[in-house]
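J.: Predicted model and sequence below, questions to follow.
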Amino acid sequence: MPSALDARIAPARRVTGRIRVPGDKSISHRYALLGAIAHGTTELTNYSPGADCQSTLTCLRTLGVAITIGPGGSDTPWARTVTIVGRGLRGLQLPHAALDAGNSGTTTRLMSGILAAHPFASTIVGDASLSRRPMKRVIEPLTRMGARFEAEDGCLPMTIHGGPLTPIDFTAPVPSAQVKSAILLAGLQTDGLTQVHEAVPTRDHTELALAAFGVSVELSGDAIGIRGNQPLSAVSGAIPGDVSSATFWAVAAAALPGSDLEIVDLGLNPSRTALFDVLERAGAEVTRHIDTVALGEPRGTVRVRGRGLRPLVLTATEVPALIDELPALAAMATVGGDLHVTGAAELRVKESDRISALAAGLRAMGGDVEEFSDGFHVRGARRLTGGRPDACHDHRLAMAFAIAGLAASSETVIGGAEAVDVSYPGFFETLAALGRAD
């Protein structure tokens, strides 16, 4: 396979095989952060190899956490074992340099919740893309709790002046697992009950991770509550495969009739599996089997077989559970399908403006895409021609264009595709290794 800087995708009639994907990004971030403020030594196998999760480890090391990284965890070359020596609640050290979050919004927002209670100033910086992403939604509730922030226009670089915090009862104006998590992590370091209300439930990895580390989380109606000053105990375990990474293979199998793909050791947390329900609505045959539950997270096997596509409409009520999967679903819709999405304005403040960049990239491949302020409409009545889409250094767009390219009539060359390393090093190698019929 050529360098991901100039990723070339040849057409294929179908995909077949049995694959694993890297460890879940969302879970890797959370276990590393909780391990850092727990008592004891946490050992995590199959930790995500992506650059975002490495940024979390880099920031923790800068805060005085002892971390070692080694190989292992599965039969894949990118698997990692991470060992973290916890420092206890509010036990992080004054950083000797700025905390470099790279491209990772998750690192920035969740770290903010932890640092808000530490009695020192710390500055988080990031790359050009992350420095354009809004942080006001996490700054505002943490400021209400007692932290003080310096951040021009609510963006990085951002300095956090931490100290004693007060619990809050917070209603999220926009569903966000990252904002919820930041507030809960801050609330863990207060003297009372902190609650977050969600009109639309978001992924619950933080709640499950807190419980795995021995923290009691209170669930009542739309509220998630946490009482402060509960000690955390270190854990040891394997991180399941990342559903968001598996999405691209699942939609490839759903899009190409005759495909038959099995994904093993995959995280099957119900807050993350809405994609598979959508694929079934679109006409794919999907089977799921939970093999085990470890540290509260179910994992198992998913098999997807392509049977042709039906039109899909996704609205604001469904979008929060599918926000990361929308670029992949758009790619699927170009293969004789139809996808109409609204209520997804959040896509405009991701690693790129994913609505505009997605529409421009698919059009560059010959696609028929209409752009809205809060979504898009992909019409797949005509076959893509291939071409040169620009991923705008966005990992999910690079992978979405690669999947769309499988069904094009000629070669697709993706610019900015090196961004896949943010979440999925080895993506293009896996693509090349899949059983394919040209």
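T.: Okay, I see it. Numbers count the residues shown, from 1 in each chain.
J.: Not counting sequence-adjacent ones, nearest residue to residue 31?
T.: Counting by CB to CB, 6 or more residues apart in numbering, residue 44 is the residue found nearest to residue 31 once chain neighbours are left out, at 5.4 Å. Just so you know, the C-beta spots here come from the backbone N, C-alpha and C atoms, and that holds for glycine as well.
J.: Report the contact partners of that neighbour.
T.: 28, 31, 32, 35, 81, 82, 83, 84, 236, 237, 238, 239 (CB atoms under 8 Å, 6 or more residues apart in numbering).
J.: Can you tell me which of those lies closest to residue 369?
T.: Among the contacts of residue 44, residue 28 lies closest to residue 369 (CB to CB), at 32.8 Å.
J.: Put the alpha carbons of the strand or helix carrying that closest one into PDB.
T.: Using DSSP states H and E, residue 28 maps to helix 25-36. Taking C-alpha atoms only, helix 25-36 is exported to PDB below (Å, rounded to 0.1, in the frame of the first residue of the first chain):
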ATOM      1  CA  LYS A  25     -10.400   5.200  21.800                       C
ATOM      2  CA  SER A  26     -13.100   6.500  24.200                       C
ATOM      3  CA  ILE A  27     -12.400   3.700  26.700                       C
ATOM      4  CA  SER A  28      -8.600   4.000  26.500                       C
ATOM      5  CA  HIS A  29      -8.700   7.800  27.300                       C
ATOM      6  CA  ARG A  30     -11.000   7.200  30.300                       C
ATOM      7  CA  TYR A  31      -9.100   4.300  31.800                       C
ATOM      8  CA  ALA A  32      -5.800   6.100  31.500                       C
ATOM      9  CA  LEU A  33      -7.200   9.200  33.200                       C
ATOM     10  CA  LEU A  34      -8.800   7.300  36.000                       C
ATOM     11  CA  GLY A  35      -5.800   5.100  36.400                       C
ATOM     12  CA  ALA A  36      -3.700   8.300  37.000                       C
END
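J.: returning to what we had before: just the buried ones among the contacts of residue 44, please.
T.: With neighbours counted using 16 or more other CB atoms under 10 Å, the contacts of residue 44 contain these buried positions: 28, 31, 32, 35, 81, 82, 83, 84, 237, 238, 239.
J.: In JSON lines, list these along with distance to residue 356.
T.: Output for those, formatted as JSON lines (distance: CB to CB, whole Å):
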{"residue": "28", "distance to residue 356": "30"}
{"residue": "31", "distance to residue 356": "34"}
{"residue": "32", "distance to residue 356": "33"}
{"residue": "35", "distance to residue 356": "38"}
{"residue": "81", "distance to residue 356": "40"}
{"residue": "82", "distance to residue 356": "36"}
{"residue": "83", "distance to residue 356": "42"}
{"residue": "84", "distance to residue 356": "39"}
{"residue": "237", "distance to residue 356": "40"}
{"residue": "238", "distance to residue 356": "38"}
{"residue": "239", "distance to residue 356": "33"}
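J.: Make CSV from the residues you listed and add pLDDT and distance to residue 65 to it.
T.: Output for the buried ones among the contacts of residue 44, formatted as CSV (pLDDT from 0 to 100; distance: CB to CB, whole Å):
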residue, pLDDT, distance to residue 65
28, 97, 15
31, 98, 13
32, 98, 9
35, 98, 8
81, 95, 16
82, 97, 11
83, 98, 11
84, 98, 6
237, 95, 19
238, 94, 21
239, 95, 18
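J.: ok, the residue nearest to residue 236 when sequence neighbours are not counted - contacts?
T.: Spatial nearest neighbour of residue 236, excluding adjacent residues (CB to CB, 6+ apart): residue 43 at 4.4 Å. Counting by CB under 8 Å, 6+ apart, residue 43 touches 81, 82, 83, 84, 236, 237.
J.: for residue 346, same thing?
T.: With CB under 8 Å, 6+ apart, residue 346 has these contacts: 174, 319, 323.
J.: quick check, it in a helix?
T.: Yes: per DSSP: H, G, I helix; E, B strand; the rest coil, residue 346 lies within a helix segment.
J.: domain ranges for this protein?
T.: Following automatic domain parsing, one finds the domains of the chain at 6-22+240-437, 25-237.
J.: got any ranges where the chain has weak pLDDT?
T.: By pLDDT under 70, the low-scoring segments of the chain are 1-5, 72-76, 435-438.
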